[in-house]
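*Asks:* Based on what follows, work out the 3D shape:
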Amino acid sequence: MANDGQGSSILCTASIPGFDPTTRDLTLISHHLLSSPHSIAASFHPSYRLLLERPPEAPYQSAESAEVPGGRRRKRRKLDPELALPADWASEREKESKLSTADRETRYHHSGIEQALVSALQAVRDEWGGRSATGWIGDVNETVHWAKKQDAEETAEIDWVGAQNEAKQMELGEREPLRLVEGSEDCKLLAGLLGRVVFAPRNSFKPLEVTVDSPGPEKEPVKATLVLPPSSAFLLSDFSTWSAPSSSLASTGSENGGWDLLLLDPPWPNASANRAAAYDTFDAYDLWKLDVKAILGDKRCLIAVWLTNKVKFRRLVSEKLFPAWGVKETSAEWYWIKVSAGKDGEGGGEPMWKMDGVHRKCYEGLVLGYYNPTGDPLPPLPREKIFISTPLGHSRKPVIFGPWLHVSPPSPGKHLTFCAYADLLRPFLPNPSSRPPNVLELFARTALAGPKHSSSFDDSKGYPERRGVWLSVGNEAVKFNVLHSVSGAKGWLKEPRIGGEIV
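*Replies:* The predicted structure follows:
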């Protein structure tokens, strides 16, 4: 099933036969092609465009496939082992003997999922193949402004982490939440926003002017505009404060009926992040300090954690942290495959790295499990779900829990119609749908729109305007909400002029 890529962030869904180990039945497993830009743009008013770098048109060249000494021998051995020389086999045995235990475990894990990844990618390619007019990213002409080199050079980015470091020395203590009012013009010092939950209005977009003190005595303060979607909220704070009652994570959840989804994207230590200097990493074992039970309370919650491909982090989450957090067992691990975009509607859809690459993988994992203090039955999670999209930049993920799932009322002779915004997680929320869901995202870098209620189209009940809260927490929680300004701060959103031109 596919659509034209306009509006919806689910471009294509392909279903293939599979085995459900939970029910021990044969079933159809759905895999999806997503438009990463549309998944984010769904939270913002159409008058704004995302400022993004163009996704790669072709796969990256992996180190092991480059023309290096011995490369032809390796290729010859893979194509036909009978052609390999004794020296080739000796070299291979020596390489195998030097593999660490982690490397062997990573290879073993990959061999167990490779066929599922290949099958899902091929099924999606077959389903989407004849619809290449919009490429593998969807029709984003009205959604994205592709960044140019001067966009990155003309302005400076706000140093969110540096502001947090300064805040640590200020001993802010407990701070009351700040609720922004619809229609008012707000201008705040960044220092006044640190360490407190800031709520946007429930049903309107809110621009918030922020002034950042310049570190140099001769420089003028930097001004930035944050574009806050409806019912979004953010908390600019350091990881070390999240478990404290003063962080308001637990109280914000309880005031709104409880958290339905806890989403974490930890900045796992890795060489790629260090080289790119895209974000600060941390000690992964600090996650032990996160008091998930105190944050979630007595409400059931779906927990989803993004992973790198290091097997030790997978073990840490599934075997150590999940049991400590009250997740009885790891229910599922889904995978996101990153593919090339192609050019002018041609090509694309190839894994960004070779599927069997040694040093780099073209996919990332998402481990899911239920926090279930009540012990009640919960909907089973698909153990194999794979979604595919072009990458968005270093470590930036597609949004797989959409802000709304539009349901149009049936007319005579017609069925309900849906506009799907990558709500891959919504069907598996553990709580009844009597209210809109609430999302708590930790290590966030974008404040997103609160999810709408999706079970009714009755305007008289006000459901289309009912929203839950999406609370984005981190020391860069609103990094990608900054409106780009030549005279102010570097941003990731652009606003069109009245004539339609992009500023």
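*Asks:* where along the protein do the helices fall?
*Replies:* Under the criterion DSSP state H, helices of the chain are mapped to 36-41, 71-79, 86-97, 101-128, 149-153, 160-170, 249-255, 271-276, 292-296, 311-315, 322-325.
*Asks:* buried residues in the longest one?
*Replies:* The one in question is helix 101-128. 105-106, 110, 116-117, 119-121, 123-125, 127-128 (16 or more other C-beta atoms under 10 Å). In short, each C-beta sits where N, CA and C put it, glycine included.
*Asks:* Could you measure from Pro229 over to Lys188?
*Replies:* According to C-beta to C-beta, to the nearest Å, Pro229 and Lys188 sit 18 Å apart.
*Asks:* Need the per-residue pLDDT for the residue positioned nearest the centre of the chain.
*Replies:* Compute the mean C-alpha point of the chain, and by C-alpha atoms, centre = their mean the closest residue is Lys397, 3.2 Å away. Confidence at Lys397, expressed as pLDDT, is 93.
*Asks:* ok, now Ala444?
*Replies:* Listed pLDDT for Ala444 reads 96.
*Asks:* on that earlier part again, and the residue nearest to the centre of the chain, what is it in contact with?
*Replies:* Contact partners of Lys397, counting by C-beta atoms under 8 Å, 6 or more residues apart in numbering, are 265, 306, 336, 364.
*Asks:* Which members of these occur in strands, if any?
*Replies:* With strands defined by DSSP state E, the entries of the contacts of Lys397 inside them are 306, 336, 364.
*Asks:* neighbour-wise, which of those leads?
*Replies:* Among those, Trp336 has the most neighbours (other C-beta atoms under 10 Å), with 21 neighbours.
*Asks:* Now that one: closest residue in space that isn't a chain neighbour?
*Replies:* Glu364 (5.1 Å; C-beta to C-beta, 6 or more residues apart in numbering).
*Asks:* Isn't the one you found up against Thr308?
*Replies:* Yes: assessed by C-beta atoms under 8 Å, Glu364 is found in contact with Thr308 at 6.7 Å.
*Asks:* What separation is there between Gly349 and Pro59?
*Replies:* If you go by C-beta to C-beta, the gap between Gly349 and Pro59 works out to 10 Å.
*Asks:* the more surrounded of these two?
*Replies:* Applying other C-beta under 10 Å to Gly349 and Pro59 shows that Gly349 carries more neighbours, namely 21 against 17.
*Asks:* wait, doesn't that one sit right on Ile337?
*Replies:* No: using C-beta under 8 Å, Gly349 makes no contact with Ile337, being 10.0 Å away.
*Asks:* so what sits against both of the two?
*Replies:* With C-beta under 8 Å, 6+ apart, Gly349 and Ile337 have common neighbours Leu121.
*Asks:* So what's the residue count around Ser35?
*Replies:* Using other C-beta under 10 Å, Ser35 has 30 neighbouring residues.
*Asks:* swap that for Leu99, sorry
*Replies:* Leu99, neighbours per other C-beta under 10 Å, totals 13.
*Asks:* Please name the nearest non-neighbouring residue to it.
*Replies:* That would be Arg107: by C-beta to C-beta, 6+ apart, it lies 7.6 Å from Leu99.
*Asks:* how close does that neighbour sit to Asp126?
*Replies:* From Arg107 to Asp126 the distance is 29 Å (C-beta to C-beta).
*Asks:* anything in contact with each of Gly349 and Pro59?
*Replies:* With C-beta under 8 Å, 6+ apart as the test, Gly349 and Pro59 both reach Ser340.
*Asks:* Any stretches of the stretch 1-150 of the chain with poor pLDDT?
*Replies:* Residues of the stretch 1-150 of the chain meeting the criterion pLDDT under 70: 1-7, 21-23, 62-84, 130-133, 149-150.
*Asks:* ignore the last one, the stretch 351-500 of the chain
*Replies:* If you take pLDDT under 70 as the line, the stretch 351-500 of the chain has these spans: 404-422, 454-465, 487, 496-500.
*Asks:* And the strands in it?
*Replies:* 363-371, 386-389, 406-408, 417-419, 439-442, 470-474, 482-483, 493-494 (DSSP state E, counting those that start in this stretch).
*Asks:* Pick the most buried one from those.
*Replies:* Highest mean neighbour count of the strands of the stretch 351-500 of the chain: strand 470-474, a mean of 27 (counted as mean count of other C-beta atoms under 10 Å).
*Asks:* I would like the residues contacting that strand, please.
*Replies:* Counting by C-beta under 8 Å, 6+ apart, 197, 231-237, 239, 242, 249, 252, 403, 438-451, 478 sit against strand 470-474.
*Asks:* what do you get if the cut-off is 6 Å, keeping everything else the same?
*Replies:* 232-235, 252, 439-444, 447-448, 450 (C-beta atoms under 6 Å, 6 or more residues apart in numbering).
*Asks:* so how far is Phe199 from the closest residue to Asp186 other than its chain neighbours?
*Replies:* Closest residue to Asp186 apart from its sequence neighbours, by C-beta to C-beta, 6+ apart: Leu208 at 5.4 Å. For Leu208, the distance to Phe199 (C-beta to C-beta) stands at 11 Å.
*Asks:* Counting neighbours, go ahead and name the busier of those two.
*Replies:* Leu208 (22 against 19).
*Asks:* So which of the buried residues of helix 101-128 is the closest to Leu321?
*Replies:* Distance to Leu321 across the buried residues of helix 101-128 (C-beta to C-beta) is lowest for Glu105, with 17.9 Å.
*Asks:* Right, I'll call it a day here.
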